[in-house]
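[1] A predicted structure for the sequence below; I have some questions about it.
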Amino acid sequence: MNVRVRAAATSANLGPGFDCAGMALELWNELEVSEAVSGANGTVVEVEGEGISETPRDGNHLGLRAFALITEVEGKRFRFLNRIPFARGLGSSSATIALGLVAACLWEGVEPDPAELLPLAARLEPHADNIAACLYGGVTLAWEEEGLWRCRRIANSLPLDLIAVVPEHSVETITARAGLPAEVLHADAAFSSGRAALLGASLATSDAQLLAAAFHDRLHEPYRSAAAPLLGQLQEKPARGSVGVTLSGSGPTIIVWARHEESQACAEDLTKRFPDCRVLAFAVATSGAGAF
């Protein structure tokens, strides 16, 4: 038996949509699961691409932990192909979880249902913004209700283009969250809730003007900017043709938002300004994690 699945990169928060908004991006990790070769002991884990030196080859692998929530990992060969940069705010962990869950469903002959997989994923990923977008595809909003995470896909495309600026240094999510304050000023909360309302309205209506107005936050981005210095640089000196910038997840990757007709010039400007970074133009992935 052989199962092949893929899962997309994601960008979460989109500015003020903290722990709620996310979008799937056209950059895919892959997993192939098959019976272990005769004579092999236990479980075989192979990894190619990004994060080779950082990835465990045993049951501690996040993908295997996700797979084990549904069925046995023993006696199987797992071959991971990673294209999503590790610890850069592009959802590599969520993609790995999604790969494990979807592959396990298919191995058991069950059609993967994102609504059923999301609560399982939450056992390994406590904040569902990234994993929801990865499972559902498109642009999503996720929220917790009575102890369960729920999700609604609200858009398949965006009225602006997005360009990721990916630094060489990494930021662990747990470290980034440790820097968030336990309390914020009422004025800052009101500011961000207003921008979050703009964000939801702009995504649902595909309104570029509203979307550009939403790209401001006071709940998490100011406290993560020290580990993501490009955020301040691009806010102070915007790239050509850009209308806003957001921190991708915990960072340090920055998403630069540009008008469609100026996105190429924007990408060229970013490439010149930040030669030590990867500059990647993304489209929204309209399909969620699944077989291919």
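    Sure thing, it's come through.
[2] list the buried ones in the helix or strand hosting E32?
    E32 is part of strand 21-35, with elements assigned from DSSP states H and E. Neighbour-count burial for strand 21-35 flags A21, G22, M23, A24, L25, L27, W28, N29, E30, L31, E32, V33 (criterion: 16 or more other C-beta atoms under 10 Å). Glycine gets a C-beta too; all of them are placed from N, C-alpha and C.
[3] and what of stretch 267-284?
    By neighbour count on 16+ other C-beta under 10 Å, the buried set for stretch 267-284 is A267, D269, L270, R273, F274, C277, V279, L280, A281, F282, V284.
[4] Could you report the separation of the closest residue to P252 other than its chain neighbours from V245?
    Excluding the flanking residues, the one nearest P252 by C-beta to C-beta, 6 or more residues apart in numbering is A228, at 4.1 Å. Taking C-beta to C-beta, to the nearest Å as the measure, A228 falls 10 Å from V245.
[5] same thing with R123?
    Distance, R123 to V245, using C-beta to C-beta: 33 Å.
[6] Of those two, which one has the most company?
    Between R123 and V245, counting by other C-beta atoms under 10 Å, V245 is the more crowded of the two (24 against 11).
[7] Would you check that that one makes contact with G251?
    No. Using C-beta atoms under 8 Å as the test, V245 is too far from G251 to be in contact (11.4 Å).
[8] Overlap in contacts, these two.
    Common contacts of V245 and G251 (C-beta atoms under 8 Å, 6 or more residues apart in numbering): L231.
[9] how's the protein carved up into domains?
    Taking automatic domain parsing as the reference, the chain has its domains at 2-156+286-291, 161-282.
[10] got those domains as JSON lines, with mean pLDDT columns?
    Below are the domains of the chain laid out as JSON lines (pLDDT from 0 to 100):
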{"stretch": "domain 2-156+286-291", "mean pLDDT": "94"}
{"stretch": "domain 161-282", "mean pLDDT": "95"}
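[11] Would you map the strands across the stretch 1-150 of the chain?
    2-12, 21-35, 44-49, 76-82, 139-145, 148-155 (DSSP state E, counting those that start in this stretch).
[12] and those strands, which is most packed in?
    Highest mean neighbour count of the strands of the stretch 1-150 of the chain: strand 2-12, a mean of 24 (counted as mean count of other C-beta atoms under 10 Å).
[13] Mind giving me the packing neighbours of that strand?
    strand 21-35, helix 92-107, helix 129-136, strand 290-291 (3 or more C-beta pairs under 8 Å, 6 or more residues apart in numbering; DSSP states H and E).
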